[in-house]
Each structure stands twice: as C-alpha cells, then as structure tokens.
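Asker: dropping the sequence and predicted coords here.
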Amino acid sequence: MAQARERFQSGMSHYDAHRYRDAIHDFELASSLVPSADIAYNIARCYEQLQELDPAIQYYERYLREKVEPPDRPEVEAKLAELRRTRELARQTRRQRAGYGLLRVTSREAATTVSVDGGSPAATPLERPLRVGPRSSLVAEAEGMQRFVARVGARPGEIATAVVDLEPATRYETRAAGRLWTWVVGGAAVVATGVGVAFGVAAYGRSNDAGRATGEEQLRLYDQAGDLANRADMSFAGALFLGLTSVVLYFVEGASSETRQIPPRRGLRGVVAPTPASALAPPPPAAQ
C-alpha cells in the first residue's frame, strides 16, 4: 500500500511538471499494486494532454465502468463525446491529406464481385465502402454476365455511390432484314427506263431526219428510226417487269427478319452522388 501511494504521489508530481510519460509510468505501477478507477482517470488525463486520443478514451471509459456511482459522470461523458468528435475530425483530415475518397457500390445482381484499380475483389453487398481516388477504375463481374468496367471517383473527404447494372454475357436482338434486292432491282428498273427514253429520243430524231431526206437515204433513216423504237419498247417493257418485281421484293424482304448478337456495352449506369465529408457521421472504415 505504501509503495502504491509513493508511486501515485510521484505520478502527480510528474503530471504537475508536464512530464506526462513519466506520470503514466508511475500511475500504471501504482494501479498494478492497488487497482483503482481514480488512477485510470489520471492516466486518461495524461494521454489527453499528449493528444493521444485512443488511449485517453479507453481510460476514461474504464473509469466510468469501474468507478462506483462516479459523481462526475456527466462531465466525463461530455469529455468522451468531445474526444470522439476530435478523433473523427482527425481521421477525416488524414483521409483528405491521403488524397482519396470512399465509394459505396451496390449491384442488382447477386454474387457480384467488384474491385477498384486492380485491388482484391470484394463481394456485394459490401460491408464497407471502397477507397478510391479522383479517377479510379471499377471492375464488376458475375457468373453469366458481361464484365463491367467503368471510371469512378470521389474527391478527398467525399463518399460516392455507384450502382452496377450488369447485362447477360450473350444477348441477341431480332430486327427486320434489309431490302437489298428490292433496291437493286428497283435501281435496274430506273436504269432500263432511262435507256428506253434515250432510244425513244434517238428514234424520234432519226424519223425527223428521214422526213427531210429523199431516196435511199430516207429509207435508211426510217429503218434506223424503227430499230431504235423497237429497242425503246423493249427497254420500257424490261423497266415495267423490273418495277413490278421490285414491288414484290419490297413486301417479301420486309416480312423476313434477322437475329444478331449485341456487343457488350461498357460504362457505369446509375447514380454517382458525392457527399461532403462534413455530412458523414462518421463513415465506416475504408476497405481495400
């Protein structure tokens, strides 16, 4: 008992002289000889003066647990609340200096694994937010789904939310087939019409020339005009046939369809909403 009292008095002397490490040493020796809640209180005060908040909080909590009906409970509880707020502000400051924010990730698909910047994959729903920089790469994967890659980020001191919407690994769509032959045949009908018009104009020109000629020259020009007229008639007949064929093809090809595989889409779909650090109260510990 006397040795414990001596250590306690030595600890008080060190405390008054602002030698807090030495005071903690003597208080702990005294507590090992004669356990006391009051000594835990004095150790907490030393750690508080040293700005070592975690052990200060632990010893104040110990004091409240071990002290029977402590008369200063309201004051100590208020001090504990203030120390916890100070500790959280210090953690947020360190997070801001480290240059990273936090990212909450949710997925509509079960058994989705996500990773950021090549880190270890974690399964959704995540227990804690992921640590991200202003520009990070998010990868999400699930069985039978397309691999999801997106750019995400959060400024230091912010927490963002990303919603991952995975798509099946193989997707198909059915759509109406093209009308290739409709346009090919229709184009040929237009060309044939143009050729028929050219032959008709030429036949008309030869007929006019024959009306001004005489003798054998007139007969020759009339023969040429007749030949050109026949060719014009054949061209118009072919144009009519091709035109009707293109109309039939328009309806035939329009009734057919084709199925194709849809290529994977990449990118983040959903909401990415940053929240100021001051609004966090407090955030869960970061996970990598």
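Answerer: Arrived safely, thanks for sending. Residues are numbered from 1 along each chain as shown.
Asker: check which helix or strand residue 219 maps to.
Answerer: helix 215-255 (DSSP states H and E).
Asker: elements contacting that helix?
Answerer: helix 180-212 (3 or more CB pairs under 8 Å, 6 or more residues apart in numbering; DSSP states H and E). Where C-beta positions appear, they are placed from N, C-alpha and C, glycine not excepted.
Asker: what average pLDDT does the helix it packs on get?
Answerer: Helix 180-212 comes out with an average pLDDT of 87.
Asker: and for stretch 13-28?
Answerer: The model assigns stretch 13-28 a mean pLDDT of 92.
Asker: what's the spacing between the residue nearest to residue 225 when sequence neighbours are not counted and residue 192?
Answerer: Nearest non-adjacent residue to residue 225, counting by CB to CB, 6 or more residues apart in numbering: residue 206, 3.6 Å away. Using CB to CB, to the nearest Å, we find residue 206 at a distance of 21 Å from residue 192.
Asker: surely residue 122 meets residue 107?
Answerer: No: the criterion here is CB atoms under 8 Å, and residue 122 misses it with residue 107 at 11.2 Å.
Asker: where do the contact lists of these two overlap?
Answerer: residue 114 (CB atoms under 8 Å, 6 or more residues apart in numbering).
Asker: more neighbours: those two, which one.
Answerer: Just comparing residue 122 and residue 107: by other CB atoms under 10 Å the higher neighbour count belongs to residue 107, 23 against 18.
Asker: the more buried one is in contact with residue 142, isn't it?
Answerer: Yes: using CB under 8 Å, residue 107 and residue 142 qualify as a contacting pair, with a distance of 7.5 Å.
Asker: give me the common contacts of the two.
Answerer: With CB under 8 Å, 6+ apart, residue 107 and residue 142 have common neighbours residue 166.
Asker: any idea which helix or strand of this protein has the worst average confidence?
Answerer: In the chain, no helix or strand scores lower on mean pLDDT, DSSP states H and E than strand 257-261, which sits at a mean of 60.
Asker: sorry, back to before: just give the number of residues close to the residue nearest to residue 225.
Answerer: If you count neighbours by other CB under 10 Å, residue 206 ends up with 19.
Asker: okay, now residue 248: neighbour count?
Answerer: 11.
Asker: contact partners for the residue nearest to residue 225?
Answerer: 221-222, 224-225, 228.
Asker: quick one, helices of the stretch 51-200 of the chain?
Answerer: 53-66, 73-98, 180-212 (DSSP state H, counting those that start in this stretch).
Asker: just for the stretch 1-150 of the chain, where's the confidence low?
Answerer: 93-99 (pLDDT under 70).
Asker: can you give me the strands for it?
Answerer: Using DSSP state E, counting those that start in this stretch, the strands of the stretch 1-150 of the chain run over residues 101-107, 113-116, 122-123, 130-132, 136-141, 148-152.
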